[in-house]
Every structure is written in structure tokens, then in C-alpha cells.
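**Student:** The following comprises the amino acid sequence and a computationally predicted model.
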Amino acid sequence: ETGVTQTPRHLVMGMTNKKSLKCEQHLGHNAMYWYKQSAKKPLELMFVYNFKEQTENNSVPSRFSPECPNSSHLFLHLHTLQPEDSALYLCASSRPGLAGNEQFFGPGTRLTVL
Amino acid sequence: GQNIDQPTEMTATEGAIVQINCTYQTSGFNGLFWYQQHAGEAPTFLSYNVLDGLEEKGRFSSFLSRSKGYSYLLLKELQMKDSASYLCAVRVSPPDSNYQLIWGAGTKLIIKP
């Protein structure tokens, strides 16, 4: 257990569906991240939030919409996805300002878009 | 551009030693991380290097040479549970900011009895 939880663990959706991924961290961190992990590819950073403010959006398509209501919770809203969006979506949290402050990851949501 | 290279897959024998290399070319450098990821699980932190040299932590050691853009993870006395992917990541922004990590694609390590 890393202190970061994600739900659901698995999700299958059609291209016209709307769904949301949820992430919660119990570590008192103030930064949260969404990553996409595809097979044999590096982790792709999607969004970064610091103290609930979005500070990074790495050219992610608008069909992915993040929401961070507080420092402990992070959502990723999905709509009209494409089959190539099928991947493992990882949430992470960290506490900037400390040297060597690693990111703590959740177990991920395995997303399949049909 | 930003680039991190690691071997795609390695195989080693239980009880042996294995070295996983990572080379990087990035626009900035504020430390290098190694993470372990078992199949279907979250990546977990193994080590952090910001200065040149070797950091030892039990069976695992990590080495950094900033002038060469090179790091390695050394795993000793290999156990079957060490079968996992090992991810190398470089932090390219300052420590007091939300930091961007540039990730390698990971090295899948297979341990054989």
C-alpha cells in the first residue's frame, strides 16, 4: 500500500460513454498527477495539480478533463474516447520542496475503450 | 529533445547479480530516480541520486555519473520476487516546484531459478 488509492481498477467503456476515474491520497501531499502508461512506452505525464491548481497540461486532448476539488482527491473525467486511449492510468502524489521527494503511485485503472 | 534509454528486457538467475543501465539526454537535471513496478501494480520508489557516485540500500545500489549522463541499478542476491519492470526517471525541474519527470520505457527483468 502506497497511500494512494484509485477506483475503479478496471474499466471498459464504449466510445460514446462518459466515465470518471478517481484518485485519493492519504499522505498529506499537495501535488497530484495523472499519468498514462501504454505497453512498452515511457510514462506520459498528463496533468499536474499543486494545491488544487492545475500547473501542467501536457497537450492532452480535451476528451480528458481533470478535476481536483481538494489536495487529497483527483478525478479524470472521460468522454468520447478513442480505442487508442486504452491504457493504464496512474495517479501519483508528492510533496514538492523536499530534495529527493519521490512520487507515490496508485495501482492504476486499466482502461479499455471499445 | 528529452530522451532516456534503458534495455527493454533482461534475464538473470536467482542468486546472481544484475546491472540495469540507463542513459539520459535531458534539458535539465535535478536528480535521477529508479522505480520498481510489478505487473499490474503501482510503481514503487527504489532510489534517488543527485550527486555522482554510488548509493547503496540493502541488496539494491544505484550509481550516477552526471558528466556521462549515465546511471545504473545494481541488484544483488537476486530473488524470484525481483522479477519486475525497473523504471528510470530524470527530474528536469527544480526541487521546489512541481517537478516534471522524464521517464524511460522501463526494463523488464526476468529472474530464472
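**Tutor:** It's in.
**Student:** contacts for stretch A:105-114?
**Tutor:** Residues external to stretch A:105-114 that are found in contact with it (Cβ atoms under 8 Å, 6 or more residues apart in numbering or on different chains): A:2, A:4-15, A:21, A:23, A:25, A:37, A:78, A:81-92, B:35, B:40-44. All C-beta atoms are positioned from the backbone trio N, CA, C, and that covers glycine.
**Student:** ok, residue 9 - contacts?
**Tutor:** Let's take chain A. A:Arg9 makes contact with A:107-110, according to Cβ under 8 Å, 6+ apart.
**Student:** I was thinking of chain B, sorry if that wasn't clear
**Tutor:** Counting by Cβ under 8 Å, 6+ apart, B:Glu9 makes contact with B:107-110.
**Student:** Now flag whichever of the residues you listed is closest to A:Phe51.
**Tutor:** Here the nearest of these to A:Phe51, counting by Cβ to Cβ, is B:Thr107; it sits at 34.9 Å.
**Student:** so how many other residues sit close to the closest one?
**Tutor:** 20 (other Cβ atoms under 10 Å in any protein chain shown).
**Student:** From what I see, it and B:Met10 are in contact.
**Tutor:** Yes. The pair B:Thr107 / B:Met10 is scored as a contact, 5.9 Å apart, by Cβ atoms under 8 Å.
**Student:** anything in contact with each of the two?
**Tutor:** With contacts taken as Cβ under 8 Å, 6+ apart, the residues that reach both B:Thr107 and B:Met10 are B:Ile20.
**Student:** Can you give me the buried ones in stretch B:70-77?
**Tutor:** When neighbours are counted by 16 or more other Cβ atoms under 10 Å in any protein chain shown, the buried residues of stretch B:70-77 are found to be B:71-73, B:75.
**Student:** sorry, that was for stretch B:20-30
**Tutor:** Under 16+ other Cβ under 10 Å, the buried positions of stretch B:20-30 are B:20, B:22-24, B:26, B:30.
**Student:** pLDDT below threshold where in chain B?
**Tutor:** Screening chain B residue by residue with the criterion pLDDT under 70, one finds the ranges B:94-99.
**Student:** Strands of that one, start to end?
**Tutor:** Assignment of strands within chain B using DSSP state E yields the ranges B:3-5, B:9-13, B:18-25, B:32-37, B:44-49, B:53-57, B:60-65, B:70-75, B:84-91, B:101-103, B:107-112.
**Student:** Just put those in CSV and tack on distance to A:Ser71.
**Tutor:** Written out in CSV, the entries for the strands of chain B read as follows (distance: least, Cβ to Cβ, whole Å):
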stretch, distance to A:Ser71
strand B:3-5, 29
strand B:9-13, 38
strand B:18-25, 31
strand B:32-37, 22
strand B:44-49, 20
strand B:53-57, 30
strand B:60-65, 30
strand B:70-75, 32
strand B:84-91, 21
strand B:101-103, 20
strand B:107-112, 33
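**Student:** How about the residues of chain B by chain A?
**Tutor:** Applying the criterion Cβ under 8 Å from any Cβ of the partner chain, the portion of chain B that neighbours chain A consists of B:4, B:8, B:31, B:33, B:35, B:40-45, B:48, B:50, B:87, B:89, B:95-106.
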